[in-house]
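Trainee: need the 3D shape of this:
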Amino acid sequence: MKRCLEITAISGEDLRFHKKPLKNAIVVVRADSADPCTTKPAAVDGTNPRWNEKLTLDVPLHGEFVTVEVHCKRSSWRDHKLVGGVRIPITEILGGLTPENYLHFLSYRLRDNYGIRNGIINISVKSTGPSYVMPRPQLELRVPTGERKMASGRPELGVLTGERKVPSGVIVTGVPVWLAQPCNY
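Mentor: The predicted structure follows:
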């Protein structure tokens, strides 16, 4: 199962390759080891290219990062050269309490192959495919005979934990805890 992200490459700011303005700048977007998506070359050459192009990217459920890179090509080169890139955690896009199909406008500082700052990329990101959403809590009805019945009429499934019931189908994340003796200084 995959999640689908709609990433719009909007523009770049102060992008240079070896202290020279860019020509034929493109944006390359990929999720972990997935196939990359690329934009067409920017309509305006220079240090502030604009693309305004939407890219659709399939992200595996186990995916952790989306990589956004800017490449440029000079007429004398055979292939594109990396101007700068950034790795964006998926949790920054899909995590938290943001509703499904929420449009994020993000700006990131790019770094080149040597880790040196090289401009800023402006993008927007929206989740367009299925993503995991916590199920709505079900109302519990007390039937006069003492039985429990769910309001939806579905059978009651799950694990009884004291007085709280954890419904089946909910993903539970466990965090290991190391119990050690406190430090005495």
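
Trainee: quick one: low-confidence ranges for the chain?
Mentor: Scanning the chain for pLDDT under 70 picks out the ranges 1, 33, 74-77, 96-98, 129-185.

Trainee: switch to 50 and redo it
Mentor: Counting by pLDDT under 50, the chain contains low-confidence ranges at 131, 133-139, 141, 153-161, 179-180, 183, 185.

Trainee: can you pull out the helices in this protein?
Mentor: For the chain, the helices defined by DSSP state H cover 90-94.

Trainee: list the beta-bridge partners for residue 27.
Mentor: residue 70 (DSSP bridges).

Trainee: residue contacts, residue 51?
Mentor: Contact analysis of residue 51 by C-beta atoms under 8 Å, 6 or more residues apart in numbering lists 9, 10, 11, 27, 39, 40, 42, 43. Every residue, glycine included, has its C-beta placed from N, CA and C.

Trainee: need the contact list for the first one.
Mentor: The reference is to residue 9. Taking C-beta under 8 Å, 6+ apart as the test, what residue 9 contacts is 27, 29, 39, 51, 52, 53, 55, 68, 121, 123.

Trainee: mind running it again at 7 Å?
Mentor: If you count contacts by C-beta atoms under 7 Å, 6 or more residues apart in numbering, residue 9 has them with 27, 39, 51, 53, 55, 123.

Trainee: equivalent analysis for the fourth one, please.
Mentor: The neighbourhood of residue 27, defined by C-beta under 7 Å, 6+ apart, consists of 9, 38, 39, 51, 68, 70.

Trainee: now the third one
Mentor: With C-beta under 7 Å, 6+ apart as the criterion, the residues that contact residue 11 are 48, 49, 50, 51, 122.

Trainee: hmm, 6 Å instead?
Mentor: Residues touching residue 11, when contacts are defined by C-beta atoms under 6 Å, 6 or more residues apart in numbering, comprise 50, 122.

Trainee: if I look at it, how far off is residue 100?
Mentor: 27 Å (C-beta to C-beta, to the nearest Å).

Trainee: and the fifth one, by the same measure?
Mentor: Residue 39 is 26 Å from residue 100, where distance means C-beta to C-beta.

Trainee: so the two - more neighbours on which side?
Mentor: With other C-beta atoms under 10 Å as the criterion, residue 39 and residue 100 differ in neighbour count, and residue 39 comes out ahead with 21 against 12.

Trainee: once you drop chain neighbours, what's closest to residue 93?
Mentor: For residue 93, the nearest residue in space outside its immediate sequence neighbours is residue 125; the separation is 5.1 Å by C-beta to C-beta, 6 or more residues apart in numbering.

Trainee: what's the neighbour count on residue 60?
Mentor: For residue 60, which is what you asked about, the neighbour count (other C-beta under 10 Å) is 14.

Trainee: nothing else from me, thank you.
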